[in-house]
Each structure stands twice: as C-alpha cells, then as structure tokens.
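J.: Here is a sequence together with a model predicted from it:
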Amino acid sequence: MGLLSLGLLYMEDEEHGSRLAKACFHRGRELLETDHLQNKIASGLELHAIQACLLLEMHAVMSTCGFETAYGLRIHTRAIEVRKRFP
C-alpha cells in the first residue's frame, strides 16, 4: 500500500490520484496496526513491515500535511522498534 500510495501521486489526474493515494496511505496504516500483521512480523516478515513503514513514511512526509505527516514521523520509530526486536 505504501508503494501504491507513492505511485498514485503521479497520475495524470492529480486530484483523483491524490485522493486515491491518501486512501491507500490510510489503508496501509490500518494494515500495519492489525494483530494479523503483528503475528506475521513475529514469524519472519519483519523486513516487509520495515519496508512498508518506510514507504508510508515517505508518502506522509513528502506529499501531505497535518495528521498524515505526524503519523509518518511516528511510523519511522515503529520501523526501528520492529528491527530491534529481530537481531
């Protein structure tokens, strides 16, 4: 969802792309917070979770303002926490 949210920002129809990108960002954020993903991270998908966090962070910091930017900065810390749990 993070990669999709970044890619949609560059659609020809900027307004439509921006709305879709924002929806993908919020869906990706929701997915990262689910218990299902937390179990997957514990079973070996930590690299995927870190990549998702970084892509969502890039979307939030580079192309939005307000709540999304603040969340993007917090998600960076989350990526570091995931990495620290798995040496």
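T.: Thanks, I have the structure now. Numbers count the residues shown, from 1 in each chain.
J.: how many neighbours does the residue lying closest to Ser63 once chain neighbours are set aside have?
T.: Excluding its sequence neighbours, the residue lying closest to Ser63 (Cβ to Cβ, 6 or more residues apart in numbering) is Leu9, at 5.4 Å. To be clear about C-beta, it is placed using only N, CA and C from the backbone, and glycine gets the same treatment. Neighbour count for Leu9, taken as other Cβ atoms under 10 Å: 18.
J.: do the one 5 residues further on as well
T.: Taking other Cβ under 10 Å as the neighbour definition, Glu14 ends up with a count of 11.
J.: now swap in Cys53 and tell me
T.: Neighbours around Cys53, by other Cβ under 10 Å: 25.
J.: got it, and the one 5 residues further on?
T.: Around Met58 there are 15 other residues, counting by other Cβ under 10 Å.
J.: in the helix or strand where it lies, what's buried?
T.: Per DSSP states H and E: Met58 is located in helix 46-63. Within helix 46-63, the residues scored as buried using 16 or more other Cβ atoms under 10 Å are 46, 49-50, 52-53, 55-57, 59-61, 63.
J.: hang on, the residue nearest to Ser63 packs against Ala60?
T.: No. Taking contacts as Cβ atoms under 8 Å, Leu9 lies outside contact range of Ala60: 11.6 Å.
J.: pretty sure Gly17 is in contact with Leu9, am I right?
T.: Yes. Contact criterion Cβ under 8 Å: Gly17 and Leu9 qualify, at 5.9 Å.
J.: Now the residue nearest the centre of the chain: closest residue in space that isn't a chain neighbour?
T.: When Cα atoms, centre = their mean is applied to the chain, the residue found nearest the centroid is Leu56 (2.6 Å). Nearest non-adjacent residue to Leu56, counting by Cβ to Cβ, 6+ apart: Gly2, 4.3 Å away.
J.: rewinding a little: tell me the one of the buried residues of helix 46-63 nearest Arg29?
T.: Leu56 (6.3 Å; Cβ to Cβ).
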